[in-house]
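Novice: Sequence below, structure please.
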Amino acid sequence: MDSEGVLLRLIHEHSMIPCNHLRKGDCCGRFEAISDGYYCKTCDFFVHKKCVDEASESIEHPSHPGHTLQLLSKQKYRYCNLCGRDIKDLCYHFGNFDVDLYCAKYPPPEVIESSETPCHKRTLLKEKIEFHCDAKCEEIGYGFPYKCLECGLTFHIDCVLHPSGVKHLPEVIHPLDVKNHSCHPLHPLKLVLTGQLPDYSDGKCRLCEKKIDSPLFYHCSPCNFTLDMRCALNPPSISFEDSKTHDHQLTLLPRLDSFTCNACGLKGDRSPYICVQCNFIIHQECLTLPRLININRHDHRVARTNLLGLVYSVCGVCRQKVDWTWGGYSCQRCSNYVVHSKCATRKDVWNGKELEGVIEETEDIEPYVVIDDNTIQHFSHEEHYLKLDDNGVLCDENKRCSACTHSVCLESFYGCMDCDFILHQNCAKFPKRKRHVLHNERLTLFTREAGHFWCNVCGRISNGFSYQYGDMKLDVICCSVLEPFVHPSHPDHPLYYISPEMEEVCNGCNMSGTRMLRCIEDGCGFVLCFKCATLPRVLKHRVDDYPLLLCYGEKANGIYWCEICEKKMNPEKWFYTCKDQWASLHTECVVGDFSGLMPGSVVKAETGSYEVVLNKNVSRPFCRQCKSHCMYPIIYKIPETSVSYLCSDICIKRFTKRD
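Specialist: Model prediction:
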């Protein structure tokens, strides 16, 4: 069994990604001179690659002969029985005996000779005591110390074995050490253990610009030159040569100096690579920019270029101006599509795959075959032809699109010539596979045969068509929201999906969330959630003979009452109204919880099956759970009964708990 498999199965409940970060490992509680490891962003949990790769599910250890020690993720307070340290997370265990990962491999010696006092030996005590460390840390400790039995001096184990605080880490990097000091040849760099930067320092590493957040770093006072541990132990090369990045050799300039990166067009203030021959400057992190990639904002591949050359262009991701004199990404098919380098390689935009040398997919994604001007054969209903009806049926609740499950209402649609299968004309055009701003991989269109699901962005239950990849499932309505998105509630400016940084409040429903469509015009601040953005703008309801229109809120002094639930309304929130403008209705009362389900279908759940039915009788049925008249347009009927219904998601959950 591989060590990473041990990690995923035995050590941590969440998936972890490779990470280069110098910090104390949650595996052994110590710093390492290497920074490779695995990281869980959810829990801020980090383990050294070395600890994990060298781990096994069980070991035999001389400190505890006769028993096999098992690898254990900490379940309660534990300390290492060899060194006395509190165990951060992982240990080997049997009964009441625990040993951390480091001591399991490098157990502390029983006795150590002292170079300072050759006559005395330091002996590792076998019982935990409180002591004052007589090494330079001079701190109070509690655990298993080394003690000189001659003079009574006591020491932390690490103060004896690793006085610098990090195993095998030099306290001074000298100018003659070319390998480690190639970036600063003037003076020695001294290891700082206190974590205290001088007042004159900007608090960042000179090479990588990252904030110094570790208690250990290297510093040169005369030059105000600071390196974090990652750059000190793994310094960048003085020269770099790669024809994919630049035609000539690039040289590191490890100094503070303002510049503009030719690759991404952004400002920098330290340690770029430069080509004097052609006045080319590039950030260190831009050296490894991919050449050819897919992004979730565009259907075609985009390629890196050192000169965009498109005047007055706008980035296809952030929608901000692009300086055409610098580098970025452009589409070779769409001559006016460009993207900032940093935007194109964001984790929420790019899937991390370099496509140079990879043959582009050419599969057929067209959803139907054209038979004639009014007839098609759709892949979801290949047994029959579909005929176009563009007369614009007023509103017929019984005619429903199999893709979006909404009724046909003033829209053209394709109807099956042999059965009752229907697709809106627009829904019939949904491609078999497509890219979307909400996921980095290309999504695949699934038909109703896939069963019911909950849309990951709007939360609605549906058994219509869906776009899926892995655990991501989107109903076709949410997936049809494309940039730029124009909504009649905000006609002056288009809306865009901007990656979530914090929760914002939707202007339609006043609910907060992170997956929002936003207006990017300065000072506007209009925000719309996907659920509100995809509400039907016109629909039919039993409360009125005419279609209901979606109203985008209004200022009013009077009191508004919902005609369905007969409760007070906030007119500043969106609501539905009828043709004569006298009626007002909550959007949730008009739409209900099951608007994404096809009437006549059956939803199978762990607690049983429910029939989806239209609530269109003159006498509204009673809900078995809330004991009130079902007011929503689509409800559940409990099978094998004639009068048992459930009207909402809340009622379903309560009814399930009761049973």
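Novice: Over to residue 228: give its phi and psi.
Specialist: phi -80, psi 170 (degrees, to the nearest 10).
Novice: residues in contact with the longest helix along the chain?
Specialist: Longest helix in the chain, counting residues (DSSP state H): helix 649-658. With Cβ atoms under 8 Å, 6 or more residues apart in numbering as the test, helix 649-658 has contacts from 461, 593-594, 605, 607, 610, 623-626, 636, 646. In short, each C-beta sits where N, CA and C put it, glycine included.
Novice: what's the neighbour count on residue 485?
Specialist: Number of residues near residue 485 (other Cβ atoms under 10 Å) recorded here: 17.
Novice: what's the burial count for the residue lying closest to it once chain neighbours are set aside?
Specialist: Leaving aside its sequence neighbours, residue 485 sits nearest to residue 495 (Cβ to Cβ, 6 or more residues apart in numbering; 4.5 Å). When neighbours are defined as other Cβ under 10 Å, residue 495 has 23 of them.
Novice: With secondary structure and neighbour count as extra columns, can I get the contacts of helix 649-658 in TSV?
Specialist: Output for those, formatted as TSV (DSSP: H, G, I helix; E, B strand; the rest coil; neighbours: other Cβ atoms under 10 Å):
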residue	secondary structure	neighbour count
461	strand	18
593	coil	21
594	coil	29
605	strand	11
607	coil	11
610	strand	21
623	strand	21
624	coil	19
625	coil	19
626	coil	15
636	strand	28
646	strand	24
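Novice: what about the helices in this structure?
Specialist: So, for the chain - with DSSP H - the helices run 3-6, 49-53, 101-105, 157-161, 178-181, 229-233, 341-344, 476-479, 530-533, 587-591, 649-658.
Novice: Sort out which residues of the last one are buried, please.
Specialist: Going by neighbour count (16 or more other Cβ atoms under 10 Å), the buried part of helix 649-658 is 651-652, 655.
Novice: Just name the closest of the residues you listed to residue 335, please.
Specialist: Proximity of the buried residues of helix 649-658 to residue 335 (Cβ to Cβ) peaks at residue 652, which lies at 52.2 Å.
Novice: how near is the closest one to residue 635?
Specialist: 10 Å (Cβ to Cβ, to the nearest Å).
Novice: Tell me the residues that contact both of those two, please.
Specialist: residue 646.
Novice: Can you tell me which of the helices of the chain is packed in deepest?
Specialist: Ranked by mean neighbour count, those are led by helix 476-479 with a mean of 25 (mean count of other Cβ atoms under 10 Å).
Novice: and that one, what does it pack onto?
Specialist: strand 466-469 (3 or more Cβ pairs under 8 Å, 6 or more residues apart in numbering; DSSP states H and E).
Novice: go with 10 Å
Specialist: strand 433-436, strand 439-446, strand 461-462, strand 466-469, helix 530-533 (3 or more Cβ pairs under 10 Å, 6 or more residues apart in numbering; DSSP states H and E).
Novice: Of the ones you listed, flag the one that's most buried.
Specialist: Greatest average neighbour count among the helices and strands packed on helix 476-479 goes to helix 530-533 (a mean of 24), per mean count of other Cβ under 10 Å.
Novice: Quick check: which helices or strands does that helix pack against?
Specialist: With contacts defined as 3+ Cβ pairs under 10 Å, 6+ apart, the packing partners of helix 530-533 are helix 476-479, strand 516-518, helix 587-591.
Novice: Can you give the contact residues for it?
Specialist: Helix 530-533 is touched from outside by 438, 455-460, 474-475, 477-479, 481, 485, 487, 489-490, 495, 497, 506-511, 513, 515-517, 550, 552, 573-574, 587-588, 591, with contacts defined as Cβ atoms under 10 Å, 6 or more residues apart in numbering.
Novice: Please state the offset of that helix from the chain centre?
Specialist: 21 Å (Cα atoms, centre = their mean, to the nearest Å).
Novice: Using PDB, write out every CA atom in that helix.
Specialist: Output in PDB follows, covering the C-alpha atoms of helix 530-533 (Å, rounded to 0.1, in the frame of the first residue of the first chain):
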ATOM      1  CA  PHE A 530     -28.700  32.300  -9.600                       C
ATOM      2  CA  LYS A 531     -32.100  31.300  -8.100                       C
ATOM      3  CA  CYS A 532     -33.500  34.800  -8.700                       C
ATOM      4  CA  ALA A 533     -31.700  35.200 -12.100                       C
END
